[in-house]
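K.L.:
When you get a sec, could you give me coordinates for this:
(one chain, ligands or ions: 1)
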Amino acid sequence: MVLPALLRRVLIAAACTLPLMAQAGELPSSERQAELETLLYQDCGSCHGMTLRGGLGPALPRDHMQTFSAEALAHIIQYGIPGSAMPGWQALLSEADARWLADHLQTDNRLQTLDD
Ligand code: HEC
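P.N.:
Purely as a prediction, here's the structure:
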């Protein structure tokens, strides 16, 4: 009965490393990316506007987002802006999720500029 015990350990070890790998800067799955896009325009949109043109929070057009580093944006998304209404999303978003959102805001954001 040595083998099943060993196998169990290997499986447990694999299960434990999977979430770590997901946080090591890998892309979220395409399913997760679709969820993140919905979250951006609906949840973030509840303050920043469904089209990101602003509301309680400032507008988030692509050209303005490019003035931040990707790291800074991901940090704002994960930890919020203390002393303001901008909440941290750490409980709901992994580091990879926050990175993906930051990248999306800078490169694939539907709102390119406020100058249109
Ligand atoms: C409860 C309202 C609220 C929600 C929800 C919210 N934000 Fe914010 N956000 C704010 C406010 C208010 C500010 C401005 C804070 C300040 O600088 O005083 C802000 C600032 C920001 C900034 C910095 C913008 C700048 O020009 O300085 C970014 C980026 C941002 N939010 C992204 C997001 C993202 C992405 C989400 C969703 C994951 C989100 N926010 C959800 C209220 C919100």
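K.L.:
contacting residues around the residue nearest the centre of the chain?
P.N.:
Note on the chain: the residue nearest the mean C-alpha position is residue 98, at 2.4 Å, using Cα atoms, centre = their mean. With Cβ atoms under 8 Å, 6 or more residues apart in numbering as the criterion, the residues that contact residue 98 are 74-75, 77-78, 89. (Each C-beta comes from the backbone N, C-alpha and C, glycine too.)
K.L.:
among those residues, which are within reach of the ligand?
P.N.:
Contacts with the ligand are made by 77, 89 out of the contacts of residue 98, judged by Cβ under 6 Å from any ligand atom.
K.L.:
If you rank the contacts of residue 98 by neighbours, which is first?
P.N.:
Counting neighbours by other Cβ atoms under 10 Å, residue 77 comes out on top of the contacts of residue 98 with 24 neighbours.
K.L.:
Return the residues in contact with that one.
P.N.:
Residue 77 makes contact with 89, 93, 98, 101-102, according to Cβ under 8 Å, 6+ apart.
K.L.:
rounded to a whole number, what's the mean pLDDT of the strand or helix carrying it?
P.N.:
Taking DSSP states H and E as the definition, one finds residue 77 inside helix 70-79. With pLDDT averaged residue by residue, helix 70-79 scores 98.
K.L.:
How about stretch 50-57?
P.N.:
The predicted model assigns stretch 50-57 a mean pLDDT of 97.
K.L.:
Tell me which residues of the host helix or strand of the residue nearest to the centre of the chain come out buried.
P.N.:
In this structure, residue 98 sits in helix 95-107 according to DSSP H and E. Burial within helix 95-107, assessed by neighbour count using 16 or more other Cβ atoms under 10 Å, is assigned to 95-106.
K.L.:
residues touching the closest residue to residue 88 other than its chain neighbours, list them.
P.N.:
Spatial nearest neighbour of residue 88, excluding adjacent residues (Cβ to Cβ, 6 or more residues apart in numbering): residue 80 at 3.6 Å. Taking Cβ under 8 Å, 6+ apart as the contact definition, residue 80 lies against 86-89.
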